[in-house]
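> What would the 3D arrangement of this be:
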Amino acid sequence: MSLKYPQLSSGPHNSRFKMLLVAGTIAGLATLLLFFFARGSTELNPPLAPADSPTNASTENAEPPPPPLPASPIGLLHATLHGPLESAVISATNPQLGPPLTQVIVRTLVWWISVPQHLMRTDELWAVYETRDNAEPLLHAIRFSSRKTGKTHEAFWFHPEGERYARFFLEDGTELEPFLVDGPLEEWEQITSHLNDGRRHQGVDFKVPVGTPVKSPFDGVVVRKNWNFRGNGNALEILETGGKRRCIFLHLNELPSSTRPGQTVRKGQVVAHSGNSGRSFAPHLHYQLMDGNNRVLNPIREHKIIHRKLSGEALAAFEKERERLRQRLEGKTP
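Take a look at the predicted model:
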C-alpha cells in the first residue's frame, strides 16, 4: 500500500513563504560573513594605541627616565660687610641657613680677630660650606679680608690620615686652633666657644662625643658635684692644691657615686667623661678656670699652648686639598 503525501499548493501564499525563506538565508549569511571579517581584521590589525601613549611593547622595552639630579649640598658664599656679620651671611644665603652658618664661621674668625669688635665695613668673606640634614653646616674653607689686620686670612678643613678628627689648618699646614698642653682632653674635634668670641662665655667648649675621658689639669680635691643640674647638667669642681685655682667641668656624662666632695685627684687623672646633660644643645665639654677671688681665667692663656704642623705625606696631601678648596673659593669649580 503506498502512502500519498499532500502536495503543496503553488498559490500566492506559497510564493510569499519562499521569498521570506530566501531573504532570511541571505541575511544570515551576510551576518556570518561580517562576523568573520571583523574577527580577522582585529587579529591582523590590533587597535592602535592612543597617539600620546606608547604601546605595550614599546613600554616594556623603553628605559626609565633618569632621576633628577639632587641639589648639591656644597655652597659658596661671598659677602661684603656693611653691618652685622649675620646680616651679610643671610643676604648671601637665606634666612634659614644664615644664622647657623654665621655661628660656624665665627669659630674660625675668632682666631684672627675679636668678634664683633674688630669687624669693619667693607671686610670681605668667602666660604665653602656644606649643608647637612639634622646637623649644623660644615665649613670646608674660609677666606677673610680684614681691614683691622690688613691681611687676608685663609683656613682649610682637612682630615689627616690616621687622625681621629678633621681640623682647620692654615695655608702652611699649621693647625688654626691651639692645643692645650696638660689640658682636660687628649684630643677634640673643634673649640666651639671661648672667652674672646663675643658670647660672654666663661669657659672653653670642646666639641667631643659623649663618653670622652676628662682629666684633671692639676693636683687637687673635689669640692662640688652636680649643682644647678637644670643648667649645668652633671658637673664637677676641683680646687687646685694650695688654693690657687679652681676648674669646673659642665654637661658631663653621669658621674660615679664614688666621686664626692673631699676626694683627692692627681694631675692627668681621669675624673669624668664628657656628655650632653643640662642646658646643652650638642655633645661637648665646658671647661672653666677661676682664680682664688672667683675671677674667670682664660684657659688658653693659663695653659701652655702649641700649634701642631703637618709634615711629610700628610703635608703633601693637605697641599693638594688646599689647592682644590682654593679653586672652589674662587668659584672655578662646581
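> low pLDDT regions in the stretch 151-300 of the chain?
196-198 (pLDDT under 70).
> Helices of that one, start to end?
Taking DSSP state H, counting those that start in this stretch, the helices of the stretch 151-300 of the chain run over residues 229-232, 299-302.
> Let me know the next secondary structure element after the last one.
If you walk from helix 299-302 toward the C-terminus, the next helix or strand you reach (DSSP states H and E) is strand 305-306.
> can you list the residues that contact that following strand?
178-181 (CB atoms under 8 Å, 6 or more residues apart in numbering). For the C-beta atoms, the positions are set from N, CA and C on the backbone; glycine is no exception.
> tell me the average confidence for that strand?
Averaged across strand 305-306, the pLDDT comes to 96.
> Give the partner strands of it in its sheet and their orientations.
strand 179-180 (antiparallel) (DSSP bridges).
> And the partner strand, how far out from the chain middle?
Taking CA atoms, centre = their mean, to the nearest Å, one finds the center of strand 179-180 at 27 Å from the center of the full chain.
> Then stretch 310-328?
Distance, stretch centre to chain centre, for stretch 310-328: 23 Å (CA atoms, centre = their mean).
> quick revisit: I'd like to know which of the helices of the stretch 151-300 of the chain is closest to T192.
helix 299-302 (13.7 Å; CB to CB).
> Tell me the buried residues in that closest one?
Neighbour-count burial for helix 299-302 flags 299-300 (criterion: 16 or more other CB atoms under 10 Å).
> Can you name the residues in contact with it?
If you take CB under 8 Å, 6+ apart as the criterion, helix 299-302 is touched by 178, 180, 183, 194-195, 203-204, 245, 287-289.
> so how far is it off the chain centroid?
Centroid separation for helix 299-302 versus its chain: 32 Å, with CA atoms, centre = their mean.
> circling back: okay if I get the helices of the stretch 151-300 of the chain as JSON lines plus distance to F281?
Formatted as JSON lines, the helices of the stretch 151-300 of the chain follow (distance: least, CB to CB, whole Å):
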{"stretch": "helix 229-232", "distance to F281": "13"}
{"stretch": "helix 299-302", "distance to F281": "21"}
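> wait, which of those helices is closest to I74?
The closest of the helices of the stretch 151-300 of the chain to I74 is helix 299-302. By CB to CB, the value is 31.9 Å.
> domain ranges for this protein?
72-177+308-334, 179-306 (automatic domain parsing).
> quick one: which of the helices of the stretch 151-300 of the chain is nearest P160?
Closest among those, once you apply CB to CB, is helix 299-302, at 22.6 Å.
> Can I get the closest one in PDB? Just the C-alpha atoms.
Taking Å, rounded to 0.1, in the frame of the first residue of the first chain, the C-alpha atoms of helix 299-302 are listed here in PDB:
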ATOM      1  CA  PRO A 299      92.400  78.500  79.800                       C
ATOM      2  CA  ILE A 300      94.100  79.300  76.500                       C
ATOM      3  CA  ARG A 301      96.400  81.800  78.400                       C
ATOM      4  CA  GLU A 302      96.700  79.700  81.600                       C
END
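> what's stretch 322-334 in contact with?
By CB under 8 Å, 6+ apart, stretch 322-334 touches 72, 74, 76, 78, 126-128, 140-141, 143, 154, 156-158, 169, 171.
> If anything else comes up later, I'll come back, but that's it for now.
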